[in-house]
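Q: just the structure for this:
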Amino acid sequence: MKKGYLSLVLHAHLPFVRHPEYEHFLEEQWFFEAMTETYIPLLRVFETLAGEGVPFRLTMSLTPPLLSMMSDPLLQERYSRHLRRLLELAEKEVERTRWLPEFHHSALMYRENFAFARWFYEEKYGRDIITPFRRLQQQGHLELITCGATHGYFPLMLQREAVRAQVRIAVEQYTRFFGRPPRGIWLPECGYHPGDDEILREYGIRFFFTDAHGILHASPRPKYGVFAPVYCPSGVAAFGRDLESSKQVWSAQEGYPGDPYYREFYRDIGYDLEYDYIRPYIHPSGLRVHTGIKYHRITGKTADKQPYIPWIARERAAVHAGNFMFNREKQIEYLVEIMDRRPIVVSPYDAELFGHWWFEGPQWLDFLLRKIAYDQQNIELISPIDYLAIYPRNQVSTPSESSWGYKGYNEVWLEGSNDWIYRHLHQAAERMTELANRFPEADGLLRRALNQSARELLLAQSSDWAFIMKTGTMVEYAVKRTRDHISRFLRLYDQINANAIDEFYLSDLEYKDNIFPDLDYRVYQTTLPARLRQAIPAMA
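A: Sure thing, here's the model as predicted:
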């Protein structure tokens, strides 16, 4: 019998970025890069392991905005076009580096990676990248969970109707894609506010995650710390993040991704090569961007970067996977001696770390899952829902308000650069609830306007915009998105009140901001209609 459990959690999320009004839009590149460098490589690892009969189990969130982009025909076509251009560039790079042996092996690697991505996306799954995730869940390898509808930061939402709408819409969309309601949720930014678990329970959510201090500062104090869940008074389980295992993978300074033999993210041929050569493969405006082809390794804290050597980096990934497993074995051996149950170590990470930021991350994960399956006897990989089945009785305690942001609370999303957004978000949420209460059974053009008002509010609430304003990257875009969605909501609100809805304007918004096509504005009602309440999945 295993001595303890390891729960690896990957949080896959991107903000909803879709601009049909432009032929090329720079920020859509975020989605294309994540598809090529993270989601497809992870699926490649998972499907290979499953095909070879290697036992493994992970938990992974696929957020509603990400699912919406993965299933959007416009973005699917644009991503296919992006892949064709990448493969064309990779072919040219194989030729260009033929007499540059220090780069040629990497060029061959990129050509193979891009060719696989195109085959996997276009031919194997016909642009339906959600199907392989659903299949892996059906096979028992993944436990897919949901998130807030647009990754809105719950602790800073004053209106409970706003939180309830974020949860309900997320549950409905997950059910539409995966055929059953989710059993767990990744709270956006791991942000927990006491009482939000009551809303989670309403919609059948069985568990969520907090950062370590959310559990360690819970009241009453948890007996097992973060190595066992607690039940909130609502009955929903909270699992705490293990700091030690997180730091080993997450930290670029102290963790594995900073190894000098791993690939350097910031040296890309989109910036390094001659402008005339690279111009067909960067933004049509002429702006240099990352192409994903990078020939240098981290080397050290120096501007003089040495050539990247794929096989050495792969060996380092294997060594680091062994080190991670060894440390978890020792951690669990210690914990089982001082606990009266088998501990669970919860290790959550942003999925985009694996492949995009840390190029060798999927290789590391592949090695780790194989080593856990065959090279040790102490650890079993499980999902939190599995642990609750093994240990259905747990301490009742209320986690403290917390997040996994800088300093652990709300500062990242509420400080000088972004605090101006909240008075607008709060007022818009109040007005959306007012509209939903005032028009309990709207139809026709009015119903369309109410549904679109809800979409604009939801898109404005995305925590990504406040985060970008805080970090100082692409600030102009984040500010514009926030202002645009609030302005669109307010214009619709005024038109609804004046009974003068501009159908041309509304249709344009429905075309641009088409997230959640089945959305029902009545999720914002203070008291949901009886037939909507009957649709809520019962808590298992």
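Q: ok, the nearest residue to residue 224 once chain neighbours are set aside - contacts?
A: Leaving aside its sequence neighbours, residue 224 sits nearest to residue 339 (Cβ to Cβ, 6 or more residues apart in numbering; 6.0 Å). (Each C-beta comes from the backbone N, C-alpha and C, glycine too.) By Cβ atoms under 8 Å, 6 or more residues apart in numbering, the contact list for residue 339 reads 224, 227-228.
Q: secondary structure added to those, as CSV?
A: Listed next are those as CSV, based on DSSP: H, G, I helix; E, B strand; the rest coil:
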residue, secondary structure
224, coil
227, coil
228, coil
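Q: most neighbours, which of those residues?
A: Within the contacts of residue 339, most neighbours by other Cβ atoms under 10 Å means residue 227, with 25 neighbours.
Q: quick one: contacts for it?
A: By Cβ under 8 Å, 6+ apart, the residues touching residue 227 are 242, 335, 339, 343-345.
Q: domain ranges for this structure?
A: Following automatic domain parsing, the chain resolves into domains at 4-68+132-263+317-407, 415-533.
Q: so which of these is the most packed in?
A: domain 4-68+132-263+317-407 (a mean of 20; mean count of other Cβ atoms under 10 Å).
Q: end to end on that domain, go ahead and measure it.
A: 30 Å (Cα to Cα, to the nearest Å).
Q: same thing with stretch 147-164?
A: 12 Å.
Q: quick one: average pLDDT of that stretch?
A: For stretch 147-164, the mean pLDDT works out to 96.
Q: and for stretch 447-459?
A: Rounded mean pLDDT across stretch 447-459 is 98.
Q: go on, stretch 28-42?
A: Mean pLDDT, stretch 28-42: 98.
Q: contacts for the helix or strand where residue 111 lies?
A: Using DSSP states H and E, residue 111 sits in helix 101-118. The contact list for helix 101-118, computed with Cβ under 8 Å, 6+ apart, reads 35-36, 40-41, 44, 80, 83-84, 86-87, 90-91, 93-94, 96-98, 292-295, 307-311.
Q: C-alpha coordinates for it, CSV please?
A: Output of helix 101-118 as CSV, limited to C-alpha atoms (Å, rounded to 0.1, in the frame of the first residue of the first chain):
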residue,chain,number,x,y,z
PRO,A,101,25.7,22.8,-36.4
GLU,A,102,25.2,24.6,-33.1
PHE,A,103,21.6,25.5,-34.2
HIS,A,104,20.7,22.9,-36.7
HIS,A,105,19.6,20.2,-34.3
SER,A,106,17.3,22.7,-32.7
ALA,A,107,15.9,23.7,-36.1
LEU,A,108,15.1,20.1,-36.8
MET,A,109,13.4,19.8,-33.4
TYR,A,110,11.2,22.8,-34.1
ARG,A,111,10.2,21.5,-37.5
GLU,A,112,9.2,18.2,-36.0
ASN,A,113,7.2,19.9,-33.2
PHE,A,114,5.3,22.2,-35.5
ALA,A,115,4.6,19.4,-38.0
PHE,A,116,3.2,17.3,-35.1
ALA,A,117,1.1,20.2,-33.9
ARG,A,118,-0.4,20.7,-37.3
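Q: give me the mean pLDDT for that helix.
A: 98.
Q: and it, how far out from the chain middle?
A: Its chain's C-alpha centre and that of helix 101-118 lie 27 Å apart, by Cα atoms, centre = their mean, to the nearest Å.
Q: list the buried residues in that helix.
A: Within helix 101-118, the residues that count as buried by 16 or more other Cβ atoms under 10 Å are 103-104, 106-107, 110-111, 113-114, 117-118.
Q: ok, residues contacting the helix or strand just after it?
A: Per DSSP H and E, the first helix or strand lying C-terminal to helix 101-118 is helix 130-138. Contact with helix 130-138 is made by 43, 46-47, 50, 60, 62, 67, 70-71, 125, 142-144, 177-179, as judged by Cβ under 8 Å, 6+ apart.
Q: from these, which land in strands?
A: 60, 62, 142-144 (DSSP state E).
Q: most widely separated two among those residues?
A: Farthest pair in these (Cβ to Cβ) is 62 and 143. Separation: 11.4 Å.
Q: now residue 257. Nearest residue, chain neighbours left out?
A: Closest residue to residue 257 apart from its sequence neighbours, by Cβ to Cβ, 6+ apart: residue 358 at 4.1 Å.
Q: what of residue 426?
A: residue 158 (5.4 Å).
Q: that neighbour against residue 423, yeah?
A: No - Residue 158 lies out of contact with residue 423 (Cβ atoms under 8 Å); the separation is 10.5 Å.
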